[in-house]
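1. Just a sequence and a predicted model for now, questions to come.
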Amino acid sequence: MKSDNIKQGVDKTPHRALLYATGIGKNEMRKPFIGIASGFTDLIPGHVGMRDLERAAENGVYSNGGHPFVFGIPGICDGIAMGHNGMHYSLPSRELIADMIETIAEAHCLDGLILLTNCDKITPGMLMAALRLNIPAIVVTAGPMLSGHYHGKRLSFVRDTFEAVAKYKIKEISEEELMDLEMCACPGQGSCQGLYTANTMACLTEVMGMSLPGAGTALAGSAVKKRIAFESGARIVDLIKENILPRQIVQLNAFKNAIRVDMALGGSSNSILHLLAIANEAGIKLDLKLFDDISRQTPQLSSLRPAGEYFLEDLDFAGGIPAFMYELNPLLDDSLTVSGVSVKEIASGVRYVNNEVIRKINNPYRKEGGIVILYGNLAPNGAVIKASGVSSSMMKFTGTARVYDSEEDAMKSISGSLIKAGDVVVIRYEGPKGGPGMREMLAPTSQIFGMGFGEKVALLTDGRFSGGTRGPCIGHISPEAQEGGPIALINDGDRIEIDIEKRKLNILLSDEELALRKSKWVKKDKKIGYGYLSRYSDIVSSADEGAIINKMVRK
């Protein structure tokens, strides 16, 4: 066992003395040491219930002959960080999380890991660490929040808080109703109730085989979730005995399955950034073309919030990810999972599917997947849009550019009702380097939608969008403005052409005019020139590579 490096032999007497100081007994020295990387914090609704899951996972480890050690991993709630300086730190925290798990696991010679996670950047950060370390690991996601309820209607976080603010400003709802919504939209622990980034990544983690069947959708606080945590604790000991490693599980077929299910779900566009980064740690090269190719071949079988009316609880009650894979089975590759049962075996063993929530493959919501990759002279390296959230009337749109060099400047115009039908709001210098940190633009997109412009105004950015975004909102534009990409060359009044079906995103200017503007472009100074974000902006890659800081080269 790897842990023998700190517990076997005369030379390790000092090491054992310190381990005994933690309270473990002599018999425990013969057992595998299991790290439980816990994202527990009082700051994130999706993580406040993890103390119970820590206990369940510990009990599972003990039950099968291992010894657990809980250690803490921080996280950020994107909803709370949204719309202010805190959002700069959200995506960069993914890299810190991966680095911290690597550091603790290596320094203490852990034999295996249980990764207890839930929210947006914590889950991909933990998966990156698992593949980088390549020691036995299993992921336990803490589960989605139940829907809120108000006057007989079910509520979800984004629609009934962010979009409600805009409705209040245009006097569509009263202040009293707005206050009631903020009290009712989020009734307790769990990740936000729709198919936003946290829940998308939980589902894809299950598809990739890194969590037990049912883990991706089992509700926060439920007995089912506690049992999954217990069973994961027991299973990690078997994974160590069998020497089943993350890179044996998460191979190219697993990524293709994850992309396909993502497209069929209509998941968060952030999943593209995270899958690219996770694949990098596995030593596997993915590119945006693969995502678009799979999207063209994959029908969308569900329509959950924010784009639809179903919630994650509905997906769970409909049979969860196993039921989803059952309907999508003809398009999936077989792949190993931490459960010891393959993807095809899990899908074939499903006995119930609610086909109102998870449609059959011959009766999809859309013939193509929920996420589309656009290219053109405005995005030579690609851009991303969640097409499942776009109405048919906006699949093709040409509008007039209104250009802003920060989210804050754009919000002033949007809140001041200076945006009109036919505009294309361009928010730039918000990419991985320029932001820095590639902030989510949920506040401006929610304001636009809440004010009734969801089918009249488009938004483009080299930043990114919350999984809760809907409407014609195009992000991840690469190269970004800070690198002199074409988005940096747009002027107010330029005409922008969007054609989602043809995968086109163009600024209607000649090559000569773009070249002239590029010759006059001057790189902007860093927005944040101190601390972690300054270092991050120096080394982070572009969005089309996953906004990574550690390009993995395997021998």
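-> Looks like it came in fine.

2. quick one, strands of this structure?
-> Under the criterion DSSP state E, the chain contains strands at 33-38, 67-72, 112-117, 137-141, 148-150, 153-155, 371-376, 379-386, 396-404, 423-427, 458-461, 473-478, 495-499, 504-507.

3. Among those strands, show me which one is buried the most.
-> A comparison of these by mean neighbour count, using mean count of other Cβ atoms under 10 Å, puts strand 137-141 on top with a mean of 31. No exception for glycine: its C-beta is placed from N, CA and C like everyone else's.

4. what is the rounded mean pLDDT of that one?
-> Here strand 137-141 scores 98 as its mean pLDDT.

5. Just tell me which of the strands of the chain ends up closest to residue 449.
-> strand 473-478 (9.1 Å; Cβ to Cβ).

6. name the helices or strands packed onto that closest one?
-> strand 379-386, strand 458-461 (3 or more Cβ pairs under 8 Å, 6 or more residues apart in numbering; DSSP states H and E).

7. any idea how far residue 140 is from residue 549?
-> As judged by Cβ to Cβ, to the nearest Å, residue 140 and residue 549 stand 26 Å apart.

8. Equivalent analysis for residue 472, please.
-> With distances taken as Cβ to Cβ, residue 472 is found 31 Å from residue 549.

9. residues contacting residue 36?
-> By Cβ atoms under 8 Å, 6 or more residues apart in numbering, the contact set of residue 36 is 54, 57, 58, 61, 68, 69, 70, 71, 113, 114, 116, 233.

10. Next, give me the two most distant ones among those residues.
-> 71 and 233 (15.1 Å).

11. can you tell which of the strands of the chain is closest to residue 325?
-> For the strands of the chain, proximity to residue 325 was assessed by Cβ to Cβ; strand 137-141 is nearest, at 16.7 Å.

12. Mind exporting the C-alpha coordinates of the closest one to PDB?
-> What follows is strand 137-141, C-alpha atoms only, in PDB (Å, rounded to 0.1, in the frame of the first residue of the first chain):
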ATOM      1  CA  ALA A 137     -11.000   7.300  -6.000                       C
ATOM      2  CA  ILE A 138     -14.800   7.500  -5.900                       C
ATOM      3  CA  VAL A 139     -16.900  10.700  -6.000                       C
ATOM      4  CA  VAL A 140     -20.000  11.400  -3.800                       C
ATOM      5  CA  THR A 141     -22.000  14.400  -4.900                       C
END
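
13. How confident is the prediction for the residue nearest the centre of the chain, by pLDDT?
-> Computing the C-alpha centroid of the chain and ranking residues by Cα atoms, centre = their mean puts residue 197 first, at 3.8 Å. According to the prediction, residue 197 has pLDDT 95.

14. quick one: contacts for it?
-> So residue 197 contacts 78, 120, 268, 270, 271, 274, 466, 467 (Cβ under 8 Å, 6+ apart).

15. Any chance of a markdown table for these, columns pLDDT?
-> Listed next are the contacts of residue 197 as a markdown table, based on pLDDT from 0 to 100:
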| residue | pLDDT |
| --- | --- |
| 78 | 94 |
| 120 | 94 |
| 268 | 92 |
| 270 | 95 |
| 271 | 96 |
| 274 | 98 |
| 466 | 82 |
| 467 | 74 |
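
16. Please check those residues and keep the buried ones.
-> For those, a burial check counting by 16 or more other Cβ atoms under 10 Å picks out 78, 120, 268, 270, 271, 274, 466, 467.

17. what's the closest of the residues you listed to residue 229?
-> Lowest distance from residue 229 to the buried ones among the contacts of residue 197 (Cβ to Cβ) belongs to residue 120, with 20.5 Å.

18. hang on, that closest one packs against residue 201?
-> Yes: Residue 120 is in contact with residue 201 according to Cβ atoms under 8 Å; the separation is 7.3 Å.

19. can you give me the helices in the stretch 251-400 of the chain?
-> Along the stretch 251-400 of the chain, the stretches classed as helices by DSSP state H, counting those that start in this stretch are 252-265, 270-281, 288-297, 312-317, 320-328, 343-348.

20. Looking at those helices, which one is packed in the most?
-> Comparing these by mean neighbour count (mean count of other Cβ under 10 Å), helix 270-281 ranks first with a mean of 27.

21. pull the CA atoms of it into CSV?
-> Extracted in CSV, the C-alpha atoms of helix 270-281 (Å, rounded to 0.1, in the frame of the first residue of the first chain):
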residue,chain,number,x,y,z
ASN,A,270,-19.7,25.2,-18.4
SER,A,271,-19.5,21.4,-18.7
ILE,A,272,-17.4,21.9,-21.8
LEU,A,273,-14.7,23.9,-19.9
HIS,A,274,-14.7,21.2,-17.2
LEU,A,275,-14.6,18.1,-19.4
LEU,A,276,-11.7,19.7,-21.4
ALA,A,277,-9.8,20.3,-18.1
ILE,A,278,-10.5,16.8,-16.7
ALA,A,279,-9.5,15.2,-20.0
ASN,A,280,-6.2,17.1,-19.8
GLU,A,281,-5.4,15.5,-16.4
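
22. Which elements pack onto it?
-> With contacts taken as 3+ Cβ pairs under 8 Å, 6+ apart, helix 270-281 sits against helix 90-107, helix 122-133, helix 197-208, helix 252-265.

23. Can you show me the CA trace of the second one as CSV?
-> Right, helix 122-133. Taking C-alpha atoms only, helix 122-133 is exported to CSV below (Å, rounded to 0.1, in the frame of the first residue of the first chain):
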residue,chain,number,x,y,z
ILE,A,122,-15.6,21.8,-6.7
THR,A,123,-16.7,18.7,-8.6
PRO,A,124,-14.5,19.2,-11.7
GLY,A,125,-11.6,20.2,-9.5
MET,A,126,-11.9,17.0,-7.5
LEU,A,127,-12.1,14.9,-10.7
MET,A,128,-9.0,16.7,-12.0
ALA,A,129,-7.2,15.7,-8.8
ALA,A,130,-8.3,12.1,-9.1
LEU,A,131,-7.0,11.7,-12.6
ARG,A,132,-3.8,13.5,-11.8
LEU,A,133,-3.0,11.4,-8.8
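
24. Give me the residues contacting it.
-> If you take Cβ under 8 Å, 6+ apart as the criterion, helix 122-133 is touched by 37, 39, 47, 73, 75, 93-102, 105-106, 113, 115, 117, 137, 139, 141, 198, 201-202, 205, 208, 210, 246-247, 250, 274, 277-278, 280-282, 552.

25. what about it, average pLDDT?
-> In this model, helix 122-133 has an average pLDDT of 98.

26. again with the last one
-> Over the span of helix 252-265, the pLDDT mean works out to 98.

27. centre of the chain versus it, how much separation?
-> Averaging C-alpha positions (Cα atoms, centre = their mean, to the nearest Å) puts helix 252-265 14 Å from its chain's average.

28. Would you mind pulling up the elements that it packs against?
-> Judged by 3+ Cβ pairs under 8 Å, 6+ apart, helix 252-265 is in contact with helix 197-208, helix 270-281, helix 288-297, helix 320-328.

29. As a markdown table, the ones you listed with distance to residue 263 would be great.
-> Formatted as a markdown table, those follow (distance: least, Cβ to Cβ, whole Å):
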| stretch | distance to residue 263 |
| --- | --- |
| helix 197-208 | 11 |
| helix 270-281 | 10 |
| helix 288-297 | 5 |
| helix 320-328 | 10 |
